[in-house]
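Novice: Structure for this input, please:
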Amino acid sequence: MSGRACSVCSRPDRPELDAAIVAGEAKRGIARRFAVSPDAVERHAKAHLPAALVKAREAEDVANGDALLRQIQDLQKRTLNILAAAEKDDGDARVALVAIHQARENVAFLSKLLAEMRPAPTAASLRAAAEKVAAKAGLSADEVLALAEKMAREAEGKGDA
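Specialist: Numbering: from 1, shown residues only. This is a model prediction of the structure:
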């Protein structure tokens with residue numbers, strides 16, 4: 001880096017420009033809107049964008065995910081209550097079947113949502129898990145990882161049939 005000052009950091013509208021970057025707007029569009037070069041926006045985003053803004057956006061995403069999760073859980077509870085009422089005392093079989101179908105759909109969606117919210121495992125976390133299993137099984141971590149990869153390949157092959 002040349003040691004010169006960041007042209008974006010000294011701008012009076014920097015908070016708005018930072019917010020546009022954090023919101024995921026295209027860097028070229030930001031550059032046009034704020035009359036700066038796309039390279040300046042890119043350099044600023046990489047080197048000077050406050051981590052607090054990025055963390056705030058991540059926290060907002062988590063909060064939105066939590067709210068959606070609560071809504072789905074509430075919907076599932078209500079669905080199961082409808083099912084219980086429909087099954088009670090020779091209730092309406094059609095209502096029960098619809099509630100069963102909806103409950104199944106809720107569970108599928110909830111599973112998908114939870115899988116997306118869960119962070120992907122890192123190589124380090126997989127290695128640590130393999131080492132724990134290896135210690136219990138009397139194998140090396142490399143042997144456990146190789147077995148896990150083999151099992152995953154076999155499972156993928158069976159899913160295609």
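
Novice: following the longest helix belonging to the chain, which helix or strand comes up?
Specialist: Secondary structure of the chain read by DSSP state H shows that its longest helix is helix 51-87. Downstream of helix 51-87, the first helix or strand assigned by DSSP states H and E is helix 93-117.

Novice: Show the subsequent helix or strand relative to that next one.
Specialist: Sequence-wise, the next helix or strand downstream of helix 93-117 (DSSP H and E) is helix 123-137.

Novice: Output that following helix as CSV, restricted to C-alpha atoms.
Specialist: This file holds the C-alpha atoms of helix 123-137, laid out as CSV (Å, rounded to 0.1, in the frame of the first residue of the first chain):
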residue,chain,number,x,y,z
ALA,A,123,-11.7,-28.6,8.6
ALA,A,124,-10.5,-28.0,12.1
SER,A,125,-13.9,-29.0,13.7
LEU,A,126,-14.1,-32.1,11.5
ARG,A,127,-10.5,-33.1,12.5
ALA,A,128,-11.3,-32.5,16.2
ALA,A,129,-14.4,-34.7,15.9
ALA,A,130,-12.5,-37.4,14.0
GLU,A,131,-9.8,-37.4,16.8
LYS,A,132,-12.5,-37.9,19.5
VAL,A,133,-14.0,-40.8,17.5
ALA,A,134,-10.6,-42.2,16.8
ALA,A,135,-9.6,-42.2,20.5
LYS,A,136,-12.7,-44.2,21.3
ALA,A,137,-12.4,-46.6,18.4
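
Novice: Kindly export the next helix or strand after that helix (C-alpha atoms) in CSV.
Specialist: Proceeding N to C from helix 123-137, the next assigned helix or strand is helix 141-160, under DSSP H and E. C-alpha atoms of helix 141-160 as CSV (Å, rounded to 0.1, in the frame of the first residue of the first chain):
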residue,chain,number,x,y,z
ALA,A,141,-8.0,-39.6,12.9
ASP,A,142,-7.0,-40.1,9.3
GLU,A,143,-8.6,-43.6,9.3
VAL,A,144,-11.8,-42.1,10.8
LEU,A,145,-11.9,-39.3,8.2
ALA,A,146,-11.3,-41.8,5.3
LEU,A,147,-14.2,-44.0,6.6
ALA,A,148,-16.4,-41.0,6.9
GLU,A,149,-15.6,-39.9,3.3
LYS,A,150,-16.3,-43.5,2.1
MET,A,151,-19.6,-43.6,3.9
ALA,A,152,-20.6,-40.2,2.5
ARG,A,153,-19.8,-41.4,-1.1
GLU,A,154,-21.8,-44.5,-0.6
ALA,A,155,-24.8,-42.6,0.8
GLU,A,156,-24.7,-40.2,-2.2
GLY,A,157,-24.6,-43.2,-4.6
LYS,A,158,-27.7,-44.8,-2.9
GLY,A,159,-29.5,-41.5,-3.0
ASP,A,160,-29.2,-41.4,-6.8
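
Novice: If anything else comes up later, I'll come back, but that's it for now.
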